[in-house]
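Colleague: Following is a predicted model, sequence given first.
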Amino acid sequence: MAAYDDLMAFQRETEALGQVAGRLGWDQETMMPEGATEQRAEEHGAMANVLHGRRVDPRIGEWLAAADVTGEVAAANVRHIRRSYERTMKVPAALAAELAKTTSRAHRIWAQARSDEDVAAFLPILKRVVELRREEAAAVAGDADPYDALLDDYEPGATGAALAAMFDALRPRLVALRAAILDKPAPMALDRVFDEAGQLALSSKLAEAFGYDVTNGRIDKAVHPFSSGSGLDVRITTRTAARDPFNCFYSTIHEVGHACYEQNIDRDYLLTPLGAGVSMGVHESQSRIYENQLGRSEAFCGWLYGQMRDAFGDFGVPDEAAFYGCVNRVSDGFIRTEADEVQYNLHVLLRFDLERALMSGDLAVDDLEAAWNDRFAADFGFAVDKPSNGVLQDVHWSEGLFGYFPTYTLGNVYAGCLHESLRGAVPGLDDDLARGETSAATGWLRENVQRHGGLYEPLDVIARATGQVPTEGPLLDYLEAKFSGIYGV
Ligand code: ZN
């Protein structure tokens with residue numbers, strides 16, 4: 001066992017340093033004084049170098065070769081470490097350095113181009129990012145599909161072809177549902193100012209209602225909400241908007257879903273490769289099921305309505321039924337991150353198809369904006385008015401994160417499957433939710449998904465929890481049933 005023990009001791013220190021690097025990032029978005037930007041960039045760079053140096057340490061290869069592995073947990077640890085080591089070793093150091101430098105520049109250029117509404121200013125650097133990522137993918141993939149090599153970083157085991165088949169099945173029913181809904185009169189919208197202190201107080205109450213443990217976490221404000229950290233220190237952020245308290249409440253519930261996944265992993269896996277969420281898709285399934293299938297359900301909305309009346313008095317919505325419609329209002333919009341449950345996945349599918357075409361070379365970077373605008377008009381029925389509402393809206397491509405987008409929709413598909421099983425396992429769920437009580441539901445998710453951390457492969461986690469191979473069917477059935485109820489379509 002000596003080699004395995006040495007490997008795990010080394011890995012534990014790498015995991016601890018990874019947590020430190022993550023906390024630097026958290027600090028930058030929440031607490032860091034404005035004047036510290038340049039120094040922080042250098043601190044990040046130093047941490048990245050230390051971590052990279054550890055990931056390519058040749059002793060890892062020797063320990064892996066000599067490790068005597070017995071049992072499920074040790075096998076899973078070795079699987080994670082081997083995958084990461086082999087992948088890292090396949091990418092030449094010069095290419096990795098060039099990618100880091102180019103994406104950091106591309107991010108700045110993208111931010112400026114977006115504020116100037118100037119696509120042309122972004123395209124040259126985007127071309128370079130695409131080139132470098134294709135080079136990296138080819139180095140990792142060998143003879144396999146390069147897009148799959150990128151995808152594998154976020155969703156081990158997923159393939160572009162399998163996702164494309166699933167997404168092609170989603171798209172027509174989502175387009176049809178969206179069109180039918182928008183033909184009907186919309187539910188009422190909020191039309192009041194909601195004070196910040198009241199929003200933050202209720203947001204904390206919601207985090208508690210969904211089981212977020214603040215003795216091992218904290219909630220702060222950030223421009224873009226996120227969750228950060230694993231194990232005993234898992235932090236979330238939220239934001240407020242004076243006229244849109246739902247933004248605060250549902251951002252909080254979403255991040256609590258991510259954070260609870262991390263907090264509920266078996267403590268024996270702390271600071272090991274099993275001690276974090278297994279993939280972006282499974283992670284997103286937890287945030288989305290907390291946010292949508294539970295948090296935007298009719299029963300829970302009934303409870304939330306009472307909480308909002310207590311916090312803000314009469315806020316212009318007459319009853320629980322009107323409030324449920326108000327929370328689940330579907331309206332036209334350009335922006336993915338602001339999209340409702342019905343339209344969100346259409347935004348993601350558009351990006352997935354375009355980035356796959358960019359990586360395969362079927363789409364040239366110069367034609368990206370036109371391709372985006374055509375596809376948007378086809379699915380959403382109206383034209384993109386400016387680049388910041390279209391091809392420049394998301395940060396991902398500037399950072400070279402090709403293969404990331406599809407995990408958002410995969411998360412929703414997984415959430416659909418888990419929700420179907422959860423309903424079967426917790427028959428009194430709506431009675432619970434109507435009292436703001438989520439522990440039976442979140443307990444089921446903890447037991448069947450969250451506690452395993454990285455023990456099983458992503459697809460296996462969902463298949464074990466639900467008893468079947470995940471498909472898009474349950475998500476579509478859920479969306480059609482829910483929104484036909486609200487809109488009478
Ligand atoms: Zn998320």
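Modeller: Everything's here; your move. Numbering: from 1, shown residues only.
Colleague: Distance of the residue nearest to Arg435 when sequence neighbours are not counted relative to Phe315?
Modeller: Take Arg435 and drop its neighbours on the chain: the residue closest to it by CB to CB, 6 or more residues apart in numbering is Trp303, 6.3 Å away. The way it works is simple: take the backbone N, C-alpha and C, and place the C-beta from them, glycine included. Trp303 sits 16 Å away from Phe315, taking CB to CB, to the nearest Å as the criterion.
Colleague: which residues in the stretch 101-250 of the chain form helices?
Modeller: 119-141, 146-154, 160-182, 196-209, 245-263 (DSSP state H, counting those that start in this stretch).
Colleague: just checking, what packs against the last one?
Modeller: Judged by 3 or more CB pairs under 8 Å, 6 or more residues apart in numbering; DSSP states H and E, the packing partners of helix 245-263 are helix 196-209, strand 227-228, strand 235-238, helix 280-288, helix 298-312, helix 439-448.
Colleague: partners of the third one, with directions?
Modeller: So the one you mean is strand 235-238. If you go by DSSP bridges, strand 235-238 pairs up with strand 219-221 (parallel), strand 227-228 (antiparallel).
Colleague: now, of those, which is deepest in the fold?
Modeller: When these are scored by mean count of other CB atoms under 10 Å, the highest mean neighbour count falls to strand 227-228 (a mean of 24).
Colleague: Need the residues that contact it.
Modeller: Defining contact as CB atoms under 8 Å, 6 or more residues apart in numbering, one finds that strand 227-228 is touched by 22-23, 25-26, 234-237, 255-256, 258-259, 262.
Colleague: again, but for stretch 392-404
Modeller: Here stretch 392-404 has contacts from 99, 102-103, 106-107, 109-111, 113-114, 117, 119, 122, 125-126, 129-130, 132-133, 147, 150-155, 280, 334-336, 351, 355, 358-359, 405, using CB under 8 Å, 6+ apart.
Colleague: Would you mind checking those residues for buried ones?
Modeller: Neighbour-count burial (16 or more other CB atoms under 10 Å) applied to the contacts of stretch 392-404 gives 99, 102-103, 106, 109-110, 113-114, 119, 122, 125-126, 129-130, 132-133, 147, 150-155, 280, 334, 336, 351, 355, 358-359, 405.
Colleague: would a markdown table of the strands paired with strand 235-238 with mean pLDDT and distance to Ala378 be doable?
Modeller: A markdown table is the format used below for the strands paired with strand 235-238 (pLDDT from 0 to 100; distance: least, CB to CB, whole Å):
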| stretch | mean pLDDT | distance to Ala378 |
| --- | --- | --- |
| strand 219-221 | 97 | 38 |
| strand 227-228 | 98 | 34 |
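Colleague: I'd like to know which of these is closest to Leu174.
Modeller: strand 227-228 (27.1 Å; CB to CB).
Colleague: Surely Ala48 is in a strand?
Modeller: No. If the criterion is DSSP: H, G, I helix; E, B strand; the rest coil, then Ala48 is helix and not within a strand.
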